[in-house]
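J.: build me a model from this:
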Amino acid sequence: MNAYLLPLAFLLLSVVGICLFLLNQQRERRRRLKRRFSKALDPYAKRRRDDPGAAVSARISTDAPAATAADRYPRIFGFNAARLDLYPARPLILIGIASIIGCLADWMLRMIVGWIALPALPFLCIMFSRLLFGRFHQRRADTLFKQFPDALAMIVRAVRVGIPISEAVRAVARENEAPTAVEFARLADQMAIGLPLDEALRGMAERNGLPEYRFFATALTLQGQTGGNLSETLDNLADVIRKRVAARARGYALAAEARTSANVLSALPVLLFIALMFMNPAYADQLLDTHSGHVILGLTLLLLGGGMFVMRLLIQKSLS
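T.: Below is the predicted model of the structure:
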């Protein structure tokens, strides 16, 4: 058994190191982008700090109550308790599905290292829960990203014919599809109760976490401070975002071969093992009936799952 532990530990540490490196690079890129937005909005932030009424409006725009002990559990599992409409089922059901996957992963680990892997079960359940909820968040963010150019074009057309920006926002909420319609409806409601436009836009950008929404909030904030042609500003912004959407679509098209190769490489070992069970059952039974076969099978499944995760992560990083 000890002969398997050292190479397994090395492989696991290598996979974890690669994942942490990629996540750190993504976090650093987001941090640099956030610093750029903070510099652009710094005069407005100073005015908000000096104005008590604006500070109250900022607290209203976040719509986030004070953190309590009950709020920590959703954060641990990775779901937003205030936005249950983001998920196709109740979070408890999704956590149960992720826990089943975590139990299967822990079973594979126990096949390799024995019962010493049992303490890893809660961490695996939490990890798969966060991955599952993160998948739903990413899918919603992709939909918002694809719908945003059309929403901006609608606002530009409305502003050009003399419609106020508040009515243009409400028109987007009426005529667009979810989830963009939901976000702009919330924006229109906040403006209707007296929240300043730049505060409401900044809150919407923080809720969604999309750089394009931050571009929108920054452009309107700077335009409100410096003046100028609003329709021209929005038209230029819409053109930039439309080009970003087209560039990402081209990236997905160019990465289609890589995605197909990753899917084939992931499915090929499973299909070959099933074929081997029919062609030579006695040979395949060595993996299912013996302890050494369990170790080899568990290690194979673990490495296959890690390889699938790394391939998908690399493809997503190349398209981000």
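J.: contacts and neighbour counts: CA atoms only from here.
T.: Fine.
J.: now do the strands in this protein.
T.: Per DSSP state E, the chain carries no strands over any range.
J.: the helices in it, which residues?
T.: For the chain, the helices defined by DSSP state H occupy 2-40, 42-50, 52-62, 69-77, 91-113, 121-160, 165-175, 180-192, 197-208, 211-226, 230-254, 256-279, 281-289, 291-319.
J.: could you dump those to CSV with mean pLDDT and mean neighbour count?
T.: Shown next, in CSV, are the helices of the chain (pLDDT from 0 to 100; neighbours: other CA atoms under 10 Å):
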stretch, mean pLDDT, mean neighbour count
helix 2-40, 63, 13
helix 42-50, 48, 13
helix 52-62, 42, 15
helix 69-77, 67, 12
helix 91-113, 83, 18
helix 121-160, 87, 18
helix 165-175, 87, 18
helix 180-192, 88, 19
helix 197-208, 84, 20
helix 211-226, 82, 18
helix 230-254, 83, 16
helix 256-279, 84, 13
helix 281-289, 81, 13
helix 291-319, 78, 16
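J.: dump those helices to JSON lines, plus distance to Leu84.
T.: Shown next, in JSON lines, are the helices of the chain (distance: least, CA to CA, whole Å):
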{"stretch": "helix 2-40", "distance to Leu84": "26"}
{"stretch": "helix 42-50", "distance to Leu84": "31"}
{"stretch": "helix 52-62", "distance to Leu84": "17"}
{"stretch": "helix 69-77", "distance to Leu84": "11"}
{"stretch": "helix 91-113", "distance to Leu84": "8"}
{"stretch": "helix 121-160", "distance to Leu84": "11"}
{"stretch": "helix 165-175", "distance to Leu84": "20"}
{"stretch": "helix 180-192", "distance to Leu84": "13"}
{"stretch": "helix 197-208", "distance to Leu84": "14"}
{"stretch": "helix 211-226", "distance to Leu84": "22"}
{"stretch": "helix 230-254", "distance to Leu84": "28"}
{"stretch": "helix 256-279", "distance to Leu84": "31"}
{"stretch": "helix 281-289", "distance to Leu84": "42"}
{"stretch": "helix 291-319", "distance to Leu84": "26"}
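J.: surely Ala153 and Asn236 touch.
T.: No. When contacts are counted by CA atoms under 8 Å, Ala153 is not listed as touching Asn236 (10.3 Å).
J.: need the contact list for Ala217.
T.: Contact analysis of Ala217 by CA atoms under 8 Å, 6 or more residues apart in numbering lists Asp198, Leu201, Arg202, Ala205.
J.: next, give me the two most distant ones among those residues.
T.: Pairwise distances across the contacts of Ala217 peak at 10.4 Å for Asp198 and Ala205 (criterion: CA to CA).
J.: how is the protein partitioned into domains?
T.: Domain ranges of the chain: 141-242, 246-318, per the TED database.
J.: redo those as TSV? Include distance to Trp107.
T.: As requested, the domains of the chain are arranged in TSV below (distance: least, CA to CA, whole Å):
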stretch	distance to Trp107
domain 141-242	34
domain 246-318	8
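J.: quick one: closest of those domains to Leu132.
T.: Per CA to CA, nearest to Leu132 of these: domain 246-318, 13.0 Å.
J.: pull the distance from that closest one to the chain's centre.
T.: Centre-to-centre, domain 246-318 and its host chain are 24 Å apart (CA atoms, centre = their mean, to the nearest Å).
J.: what do you get for stretch 178-192?
T.: Chain-centre distance of stretch 178-192: 21 Å, with CA atoms, centre = their mean.
J.: how about stretch 74-84?
T.: The answer for stretch 74-84 is 13 Å, by CA atoms, centre = their mean.
J.: what about that stretch, start to end distance?
T.: 11 Å (CA to CA, to the nearest Å).
J.: next: stretch 195-214.
T.: Stretch 195-214 has an end-to-end distance of 18 Å (CA to CA).
J.: next one: stretch 157-169
T.: This stretch, stretch 157-169, spans 12 Å end to end (CA to CA).
J.: roughly how far does the residue lying farthest from the centre of the chain sit from Arg75?
T.: Centroid-distance maximum for the chain: Ala282 at 45.2 Å, with CA atoms, centre = their mean. Counting by CA to CA, the gap from Ala282 to Arg75 is 48 Å.
J.: repeat that for Ile241.
T.: 31 Å.
J.: same question for Glu206.
T.: As judged by CA to CA, Glu206 and Arg75 stand 17 Å apart.
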